[in-house]
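Peer 1: Give me the fold of what follows.
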Amino acid sequence: MGIRFAELGNCGEGEVHMTFCKTAFSNDPSKAVLLKGAIIDRYVQRKKMSQGEIVFIDETILHSLKTIDMDIVNGERIVMQGITGVNEKTRIKAMLVKGVYCANSLNYLTLNKPINKKYLLGLFNSKLINFIFKKFNTNSNVNGYEINNLPIVETNKEIEKSIASLVDKIISAKKKNPSIVTTEFENQIDKIVYALYRLSPEEIEIVEGSR
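Peer 2: Sure, this is the predicted structure:
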């Protein structure tokens, strides 16, 4: 069911290589923001890194090292952790960012078709898409080609808006209180996703009962 994400866009590594671009790193918080994979969570950014330290970017040095598409950096994009634990219940941890640089320890999506980003974010963070991802992934890497191969349903604008509205509620709630439980909204997204992908009650039970 659905088309491969590769038909809608592409998932690639962040534009700032953690080794090659290291001379552009800074501890000065007045510099540009650099997001690492360890600070990405579902829907919102962590308050603290799960590992490593927060660093910033000296843009003058960075742009002397490599050419970067600033339309991508300044635009809104979906990003996700590039490495997650094999036994974690949720393997895909995705959120929306804008106006920040991304390290190559995370992945980001570019789109070549008009599709609601918050609809996509809801799909990628859903139980079903995580279930499918875990079935085909056997290591800790969340590789771009694996994301590109995930099935995505192109649906009507009303359903896109329904999921996007629930995503808005989750993001808004988590920005006010990062530890808040948003299970109610996430379960509503999952129900819409199950219907979109035409899962039977038995198939839904399998997804809901999986780790």
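Peer 1: ok, residue 2 touching residue 149?
Peer 2: No: between residue 2 and residue 149 there is no contact under C-beta atoms under 8 Å: 11.2 Å. (Glycine included, C-beta is placed from N, CA and C.)
Peer 1: So which elements touch the helix or strand harbouring residue 120?
Peer 2: According to DSSP states H and E, residue 120 maps onto helix 117-124. With contacts taken as 3 or more C-beta pairs under 8 Å, 6 or more residues apart in numbering; DSSP states H and E, helix 117-124 sits against strand 76-81, strand 94-98, helix 157-176, helix 183-196.
Peer 1: now what about the longest one, what contacts it?
Peer 2: With contacts defined as C-beta atoms under 8 Å, 6 or more residues apart in numbering, helix 157-176 is touched by 43-44, 96, 115-116, 118-119, 121-123, 180, 182, 185-186, 188-189, 192-193, 196.
Peer 1: same check, this time on the shortest one
Peer 2: Contacts to strand 94-98, defined as C-beta under 8 Å, 6+ apart, come from residues 35, 40-45, 74-80, 117-118, 121, 124-125, 171.
Peer 1: what is the orientation angle of that strand with helix 117-124?
Peer 2: 160 degrees (axes from the mean of the first three to the mean of the last three C-alpha atoms, to 10 degrees).
Peer 1: CA atoms only for strand 94-98 - export them in CSV, please.
Peer 2: Taking Å, rounded to 0.1, in the frame of the first residue of the first chain, the C-alpha atoms of strand 94-98 are listed here in CSV:
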residue,chain,number,x,y,z
ALA,A,94,11.4,12.9,13.8
MET,A,95,10.6,16.6,14.2
LEU,A,96,10.4,19.8,12.2
VAL,A,97,13.2,22.4,12.2
LYS,A,98,13.8,25.6,10.5
